[in-house]
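Asks: Need a 3D model of the sequence below.
(one chain, ligands or ions: 2)
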Amino acid sequence: MPMNPDLEKERQGGTFDVEQLTHILDGGRDKTLKRHFLEQEVLKDPVFRGPDTRFLSREELFGELLRKHVAVIKKTQELSIDDINEASTIYSAAMNNNVGPLTLHSVAFVAPLDLMADDEQKKKWLIPAKKYEIIGCYAQTELGHGSFIRGLETRADYDVNTQQFVLNTPTETAIKWWVGGCVAVGDIGPKFGFGGVDNGYLCLNNVRIPRDNLLAKTGKVLEDGTYVKPENPKVVYGSMLGIRAALPKVGAYNLSKAVTIAIRYSCVRHQSEIKPGCGEPQVLDYQTQQHKLFPLLATAYAFHTVGVWMLDFHSTVMNEINEGHYHRLAEDHVLAAGLKAVINWKTHEGIEICRFSCGGHGYSLASSLPVIYVNHVANSTAEGETVILLLQTAVYLMKCVIDLEQGTPLDPSVAYLDQSFSKSEQWCSDVDMHSLLKAIQFRSKKFTEYVSSFVKKELMATGNQQLAFNKHKVILVECAKAHTEAVIMNAFVTKVDEILQSNPSVGKVLSLLCQIYGVTEILAHSGDYIQYEYLRKIDLDNIQDQLFKLYTYIRPEAVLLVDAFDFHDEVLKSILGRYDGQVYENMFKWAKASPFNKQDQGTFRKYIQQLKQAKL
Ligand SMILES: CCCCCCCCCCCCCCCC(=O)SCCNC(=O)CCNC(=O)[C@H](O)C(C)(C)COP(=O)(O)OP(=O)(O)OC[C@H]1O[C@@H](n2cnc3c(N)ncnc32)[C@H](O)[C@@H]1OP(=O)(O)O
Ligand SMILES: Cc1cc2nc3c(=O)[nH]c(=O)nc-3n(C[C@H](O)[C@H](O)[C@H](O)COP(=O)(O)OP(=O)(O)OC[C@H]3O[C@@H](n4cnc5c(N)ncnc54)[C@H](O)[C@@H]3O)c2cc1C
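Replies: Ligands and ions are numbered 1, 2, ... in the order given. Sure, this is the predicted structure:
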């Protein structure tokens with residue numbers, strides 16, 4: 001099909017090379033080429049063709065995705081892929097914005113085995129699990145408890161005579177629930193999204209398992225029942241770290257998809273008039289549309305940068321732990337917790353804004369925005385509910401205040417809490433990204449000091465830390481968010497600085513996005529900046545004006561910036577977000593293909609007939 005003329009024109013503008021930016025996002029040209037190769041391997045293979053999943057019932061969807069997921073595994077093995085990013089490329093090209101039925105096996109069963117099984121157990125389970133000879137799941141949550149792990153009720157009583165654990169579900173609230181990939185036991189019923197995953201329930205009645213089934217790399221139970229604690233007891237929570245550390249990048253990926261759809265469509269869509277008789281403008285030319293979408297475009301880039309950084313950090317810490325060094329486990333945990341919470345929350349809000357920005361057509365599954373939303377939004381609850389995770393970060397920040405008072409050095413990601421933000425360093429009229437970073441760090445530091453003073457007072461009054469925290473949970477959560485924003489902005493500014501050196505034209509456009517991200521964050525909390533006397537009203541007015549100016553700089557680059565994410569049409573699966581912009585004819589074609597149009601409308605006729613005949 002020919003290119004839509006609006007998108008064609010957009011692609012003739014721009015100040016940077018899209019391909020070079022794509023290479024930067026992928027981590028190098030070689031990686032982009034490999035990604036293209038893998039996508040083609042899926043797209044050209046007939047086994048991956050099938051019905052449009054948007055028209056399927058839950059049962060049909062599950063069956064179709066399971067069929068495709070098995071094909072994904074075979075393809076991954078056939079091509080000898082063991083890199084997680086490359087495996088994800090094959091997966092994403094096949095799954096059409098859905099979560100595959102066997103996902104939990106790899107992320108929640110194989111990964112903990114890798115982390116917590118000893119060498120013998122790895123031979124027994126990890127190797128066959130990686131080959132899918134055994135399929136597993138992660139059955140932690142119960143009907144009555146998910147967040148509060150110490151409240152779990154399932155019993156594992158050790159029988160010294162047989163050297164077995166006897167597993168039991170003593171109460172109804174102890175029934176294992178939400179267990180992803182629990183195939184053969186019992187499905188918990190329809191959900192908001194995640195239709196491709198058979199989240200299940202599991203009741204245990206005197207199920208016996210041998211003593212050496214307990215993963216024993218760190219802690220273990222001896223023959224006589226003695227429990228040998230791990231060197232660092234927190235490592236038992238480690239099974240929840242891997243997915244959390246990966247989810248910020250997943251958030252970036254989903255937001256990038258949504259923004260690509262919304263920005264392309266906003267260039268194709270014309271509506272209303274500004275000057276009578278001069279035609280209808282592209283809706284992206286309305287300042288309100290830019291205000292919805294450009295901060296989200298900036299956010300997608302920020303999240304991608306910090307998502308990649310988080311994964312690298314986590315993998316370094318895991319390597320250290322394998323060598324017996326635990327000193328960075330706490331920092332890894334609170335970074336993953338804070339980033340997973342903030343990014344996934346802002347991402348699902350962002351996807352919704354993208355959907356609204358596409359008007360009525362955003363509500364249609366033809367846009368795929370509802371599909372992306374319902375599958376993404378699970379990430380704000382699963383693998384640690386948002387508030388619970390933010391409280392973990394907040395408690396760590398409170399400890400940082402005590403460390404500062406005692407002169408104990410802080411971890412690198414919180415070292416800025418020890419910086420002084422003197423008057424001379426305060427706001428000047430420019431909104432360069434370094435000043436924005438300082439402002440965001442300043443707010444986090446102030447907030448941490450402020451919240452800590454409240455918690456301390458409460459602690460003195462009650463003598464109970466939990467009560468003291470509970471009284472101030474709302475501001476503790478805000479404090480964790482403020483710090484996490486400082487972490488995101490720091491990663492973004494550092495990366496853009498690096499790109500400015502190696503590729504100035506790409507660096508320049510990314511620095512505009514970085515400024516938009518920082519300004520949006522500051523304006524969202526303008527009251528705090530006034531209260532802490534960091535900014536005056538005149539500064540805020542200036543920042544607001546700068547934001548609108550930044551929008552005008554980004555406007556001619558916007559389509560190119562989403563093109564740089566380089567989503568193949570078959571991966572995006574959105575008629576509104578098509579690369580060629582041919583939206584309307586394809587909407588009509590798609591609607592005509594709906595099975596509903598092919599059904600015998602007998603039911604409709606039957607009931608309408610009854611209505612007409614009824615003497616109302
Ligand atoms: C790989 C590729 C992936 C690809 C990616 C695609 C995926 C796309 C599909 C997604 C699919 C969704 C899959 C969902 C799968 C589930 O949802 S599985 C179930 C997950 N469940 C949860 O996350 C439960 C959340 N709750 C918790 O984590 C814990 O209960 C809490 C929050 C830590 C509280 O527990 P607690 O016993 O009260 O502990 P607490 O006293 O707060 O902490 C004790 C100490 O441990 C530390 N600690 C706590 N947690 C940790 C931790 N995790 N690590 C280290 N230290 C910790 C604390 O900092 C504290 O340290 P100190 O202060 O003593 O120094
Ligand atoms: C799609 C999906 C897939 C999942 N897959 C799995 C799986 O494979 N295996 C598995 O074991 N589990 C799985 N889960 C379960 C998931 O991990 C839990 O639902 C999650 O950890 C939240 O726990 P909860 O449901 O007990 O929420 P609750 O803790 O009951 O949360 C309810 C509300 O209470 C608030 N709250 C709770 N405690 C506190 C507190 N201390 N302070 C302040 N507020 C609090 C929360 O913020 C929230 O607003 C899955 C869940 C979903 C949605």
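
Asks: all helices for the stretch 351-500 of the chain, in order.
Replies: In the stretch 351-500 of the chain, the helices defined using DSSP state H, counting those that start in this stretch lie at 369-376, 386-405, 433-462, 465-471, 473-502.

Asks: Identify each buried residue in the third one, please.
Replies: Neighbour counts over helix 433-462 (16 or more other Cβ atoms under 10 Å) mark 433, 435-448, 451-452, 455, 458-459 as buried. Every residue, glycine included, has its C-beta placed from N, CA and C.

Asks: For it, name the packing helices and strands.
Replies: Judged by 3 or more Cβ pairs under 8 Å, 6 or more residues apart in numbering; DSSP states H and E, the packing partners of helix 433-462 are helix 386-405, helix 465-471, helix 473-502, helix 504-524, helix 526-531.

Asks: From ligand 1, how far off is the closest residue to residue 555 other than its chain neighbours?
Replies: Spatially, and ignoring its direct neighbours in sequence, residue 555 is nearest to residue 290 (6.6 Å; Cβ to Cβ, 6 or more residues apart in numbering). Counting by Cβ to the nearest ligand atom, to the nearest Å, the gap from residue 290 to ligand 1 is 31 Å.

Asks: what helix or strand is residue 290 on?
Replies: helix 287-322 (DSSP states H and E).

Asks: by how many degrees do that helix and helix 473-502 diverge?
Replies: Helix 287-322 runs at 90 degrees relative to helix 473-502, counting by axes from the mean of the first three to the mean of the last three Cα atoms, to 10 degrees.

Asks: tell me which parts of the stretch 301-450 of the chain are close to ligand 1?
Replies: Contact residues, the stretch 301-450 of the chain versus ligand 1 (Cβ under 6 Å from any ligand atom): 329-330, 333, 382-384, 388, 392.

Asks: Let's see that with 8 Å instead.
Replies: Applying Cβ under 8 Å from any ligand atom, we find that the stretch 301-450 of the chain lies next to ligand 1 at 329-330, 332-334, 336-337, 378-379, 381-385, 388-389, 391-392, 395-396, 399.

Asks: Quick check: PyMOL command selecting the buried ones in the residues you listed.
Replies: Per 16+ other Cβ under 10 Å, the buried members of those correspond to this PyMOL selection:
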select buried, resi 329+330+332+333+334+336+337+378+379+382+383+384+389+391+392+396+399
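
Asks: thinking again about what came up before, mean pLDDT and distance to residue 568 added to the helices of the stretch 351-500 of the chain, as a markdown table?
Replies: Output for the helices of the stretch 351-500 of the chain, formatted as a markdown table (pLDDT from 0 to 100; distance: least, Cβ to Cβ, whole Å):
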| stretch | mean pLDDT | distance to residue 568 |
| --- | --- | --- |
| helix 369-376 | 97 | 15 |
| helix 386-405 | 97 | 31 |
| helix 433-462 | 94 | 32 |
| helix 465-471 | 91 | 47 |
| helix 473-502 | 98 | 25 |
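
Asks: will you turn those helices into TSV that also has distance to ligand 2?
Replies: Formatted as TSV, the helices of the stretch 351-500 of the chain follow (distance: least, Cβ to the nearest ligand atom, whole Å):
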stretch	distance to ligand 2
helix 369-376	9
helix 386-405	3
helix 433-462	14
helix 465-471	7
helix 473-502	6
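
Asks: Would you mind telling me which of the ones you listed is nearest residue 594?
Replies: Of all the helices of the stretch 351-500 of the chain, helix 369-376 sits nearest to residue 594, with 15.3 Å by Cβ to Cβ.

Asks: Mind giving me the packing neighbours of that closest one?
Replies: helix 241-268, helix 329-357.

Asks: Would you tell me which one of the ones you listed is buried the most?
Replies: helix 241-268 (a mean of 26; mean count of other Cβ atoms under 10 Å).

Asks: how about that one, does it get close to ligand 2?
Replies: No. Judged by Cβ under 8 Å from any ligand atom, helix 241-268 stays clear of ligand 2, getting no closer than 9.5 Å.

Asks: what about that helix, average pLDDT?
Replies: Mean per-residue pLDDT for helix 241-268: 97.

Asks: Is it in proximity to ligand 1?
Replies: Yes. Using Cβ under 8 Å from any ligand atom, helix 241-268 reaches ligand 1 at 241-247, 249-250.

Asks: Just give me the closest of those to ligand 1.
Replies: Ranked by distance to ligand 1 (Cβ to the nearest ligand atom), the residues of helix 241-268 next to ligand 1 are led by residue 246 at 3.5 Å.

Asks: With residue 306 as the reference, measure out to that closest one.
Replies: Distance from residue 246 to residue 306, counting by Cβ to Cβ, to the nearest Å: 13 Å.

Asks: thinking again about what came up before, pretty sure the residue nearest to residue 555 sits against residue 550.
Replies: No. The criterion here is Cβ atoms under 8 Å, and residue 290 misses it with residue 550 at 9.6 Å.

Asks: more neighbours, those two?
Replies: Ranked by neighbour count (other Cβ atoms under 10 Å), residue 290 and residue 550 place residue 290 first, with 24 against 21.

Asks: Spell out which residues of the stretch 151-300 of the chain are next to ligand 2.
Replies: 176-182, 191, 193-194, 197, 199.

Asks: residues contacting the one residue sitting closest to the centre of the chain?
Replies: Centrality entry for the chain: nearest residue to the mean C-alpha point is residue 251, 2.4 Å, by Cα atoms, centre = their mean. Going by Cβ atoms under 8 Å, 6 or more residues apart in numbering, residue 251 touches 303, 307, 343-344, 346-347, 376, 379.

Asks: Ok, residue 25 next?
Replies: 304, 564-566.

Asks: tell me which element the residue of the chain at minimum distance from ligand 2 falls in.
Replies: Nearest to ligand 2 in the chain, going by Cβ to the nearest ligand atom, is residue 146, at a distance of 2.4 Å. Using DSSP H and E, residue 146 is not contained in any helix or strand.

Asks: Give the burial count for it, as a bare number.
Replies: 18.

Asks: And residue 324, by the same measure?
Replies: Counted with other Cβ under 10 Å, residue 324 comes out at 8.
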